[in-house]
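[1] Sequence and predicted structure below; questions after.
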Amino acid sequence: MAVIKTRDLTYTYPGATKASIRDISITIERGEFVILTGPSGCGKTTLCRCFNGLIPLFYGGKLEGEVVVAGHKVVEHSIYELARHIGLVFQNPENQLFALSVEKDVAFGLENLAVPRDEMRKRVDWALQMTGIEDLSERPPYELSGGQQQRVAIACVLAMQPDVMILDEPTSFLDPVGAQKIFEVINELNKELGITIILVEHRLDLASKYANHVIVMDEGKVVLDGEPRGVFNSEKARLIGVGIPKATRLYQILGENGIRLDRVPVTSEEAASLLREVLKRD
């Protein structure tokens, strides 16, 4: 069942002479883990703003085509209404956190939705537990590390219990270890709670093993849309400059030299296992 569906979606920012995204028609099924990637400036963030109603309800401009999220046509509903169904975690968590304690930040969205106090208490505690930051509830967000702040930002959206969670490059300020921890939290939310994840990301080596759907954009258009192995192994992805997983690139190089693996790997662990199988056969 589709949770997001767009048809011929085109958008031009106010004062711009050229559309930022053009003729986008995609379907995202409920419960999928989607990686949205492509070169910088290709329109990824703009597309995500269309999903949660910031475009056109906040940014204005000219929107053509159709966007439907959780059965709601975006242009027919307020951002307030759409926030119950779709949440956005910003690239820089500091832009999303402003209260004097983690707990108050997580409760802020619920207060704006007029959630009853008892229910709010339960949701805040649950979101803190799911993201593993219960011990930080009384801490000021500005005292936390980048990884901790990112978890708080995720908890803020999670407490609102959306159908879809969009994360716009949530690991761009983190080292590989911190990034891995964030991806594990996101994956747990997807697998255990069935939340549809849309992850805007360039670090495909770390993120690719969690995804079951990849969308690649270039110059405002969707140029590849499908399952990860097929997308990452395509010549078009390499030519566009998408940083395909190193394991997939190794598969391609081995194939060029006459060494065939049984399937396209997307992680180093998978590539190592496939190589061991080849060595056993030989």
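    Received the coordinates, thanks.

[2] so E32 touches I195, yeah?
    No. Between E32 and I195 there is no contact under Cβ atoms under 8 Å: 10.1 Å. The C-beta positions use only the backbone N, C-alpha and C, and glycine is treated the same way.

[3] Tell me which of those two has more neighbours.
    I195 (22 against 18; other Cβ atoms under 10 Å).

[4] residue contacts, the more buried one?
    I195 sits next to G31, L158, P162, D163, V164, M165, L189 when contact means Cβ atoms under 8 Å, 6 or more residues apart in numbering.

[5] In which helix or strand does the residue nearest to the second one when sequence neighbours are not counted reside?
    If you skip the residues right next to it in sequence, L158 has A127 as its closest partner in space, 4.4 Å away by Cβ to Cβ, 6 or more residues apart in numbering. Counting by DSSP states H and E, the secondary-structure element that holds A127 is helix 117-130.

[6] For the helix or strand encompassing D8, C-alpha coordinates in CSV please.
    Under the criterion of DSSP H and E, D8 resides in strand 2-12. What follows is strand 2-12, C-alpha atoms only, in CSV (Å, rounded to 0.1, in the frame of the first residue of the first chain):
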residue,chain,number,x,y,z
ALA,A,2,1.5,3.4,-1.1
VAL,A,3,2.1,5.8,1.7
ILE,A,4,3.6,8.5,-0.6
LYS,A,5,2.7,8.9,-4.3
THR,A,6,3.6,11.7,-6.6
ARG,A,7,2.5,12.3,-10.2
ASP,A,8,4.3,14.7,-12.6
LEU,A,9,5.5,16.7,-9.7
THR,A,10,7.3,20.0,-10.7
TYR,A,11,8.2,22.9,-8.4
THR,A,12,9.8,26.3,-8.9
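
[7] ok, back up a step: in TSV, list the contacts of I195 along with distance to F183, secondary structure and neighbour count.
    Formatted as TSV, the contacts of I195 follow (distance: Cβ to Cβ, whole Å; DSSP: H, G, I helix; E, B strand; the rest coil; neighbours: other Cβ atoms under 10 Å):
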residue	distance to F183	secondary structure	neighbour count
G31	17	coil	16
L158	15	helix	25
P162	19	coil	22
D163	21	coil	18
V164	18	strand	24
M165	13	strand	22
L189	11	helix	20
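
[8] Need the max-distance pair from those residues.
    Farthest apart among the contacts of I195 by Cβ to Cβ are G31 and L158. That separation is 15.8 Å.

[9] Strands of the stretch 101-250 of the chain, start to end?
    For the stretch 101-250 of the chain, applying DSSP state E, counting those that start in this stretch gives strands covering 164-168, 196-200, 213-218, 221-226.

[10] Tell me what angle the third one forms with strand 196-200.
    Right, the one you point to is strand 213-218. Angle between the axes of strand 213-218 and strand 196-200 is 30 degrees (criterion: axes from the mean of the first three to the mean of the last three Cα atoms, to 10 degrees).

[11] now what about strand 213-218, what contacts it?
    21, 26, 28-29, 32-39, 42-44, 47, 208, 222-228, 231-232, 236-237, 240, 242.

[12] so what strands line up beside that strand?
    The pairing partners recorded for strand 213-218 under DSSP bridges are strand 33-37 (parallel), strand 221-226 (antiparallel).

[13] Can you name the residues that contact the residue nearest to L158?
    So A127 contacts V106, A155, C156, L158, A159 (Cβ under 8 Å, 6+ apart).

[14] Can you pull the poorly scored residue ranges out of the stretch 151-282 of the chain?
    282 (pLDDT under 70).

[15] Swap in 50 and give it another go.
    Counting by pLDDT under 50, the stretch 151-282 of the chain contains no low-confidence residues.
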